[in-house]
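Asks: kindly generate the corresponding structure for this input.
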Amino acid sequence: MAKYKNPEDYCGEFLTVDLRVQVSGDPFARTLSEIIDEMDLSAFDANYHNDEAGAAAIPPALLLKVVLYCYSKGILSSRKMAAALRELIIVKALAFDKIRQSRYTAGACVTNVLATNHFY
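Replies: So this is what the prediction gives:
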């Protein structure tokens, strides 16, 4: 009797993905990214106190891109945004795959936006 590989043993593939190409393929994501890149986000700097000590922070532009893109797609909770960062390639591309933990998504961005009153 012939012996075959079990298809349930499939564990995925490693693929090379250029994240810039992923963003350029989605017109909304590309436009959102270009608009946010042109914005003056210096008002966020006052909320960070890691000049001399502490780890480098996630840039506010990346947080804002992820939150606004997720909101546009109906993803409103921070847990679902964290899942989108793990599972949706376009969200990973907007964040340049730098945001890996859910605590950095909606909560951090919304707190910074509300604290600055810069966008109102």
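Asks: count of neighbours near Ala29?
Replies: 19 (other Cβ atoms under 10 Å). The C-beta positions use only the backbone N, C-alpha and C, and glycine is treated the same way.
Asks: so it, which state does it fall into?
Replies: Secondary structure assignment for Ala29 (DSSP: H, G, I helix; E, B strand; the rest coil): helix.
Asks: quick one: it from Leu94, how far?
Replies: Ala29 sits 6 Å away from Leu94, going by Cβ to Cβ, to the nearest Å.
Asks: shared neighbours of those two, which are they?
Replies: The contact sets of Ala29 and Leu94 overlap at 23, 69 (Cβ atoms under 8 Å, 6 or more residues apart in numbering).
Asks: give me the low-pLDDT residue ranges for this protein?
Replies: Within the chain, the stretches with pLDDT under 70 are 4, 9-12, 97-120.
Asks: center of it - which residue?
Replies: Taking Cα atoms, centre = their mean, the centroid of the chain lies closest to Ala95, which sits 3.5 Å from it.
Asks: who's in contact with it?
Replies: Counting by Cβ under 8 Å, 6+ apart, Ala95 has contacts 62, 65-66, 85.
Asks: which one of those residues sits closest to Lys5?
Replies: Closest approach between those and Lys5, by Cβ to Cβ: Leu85, at 32.5 Å.
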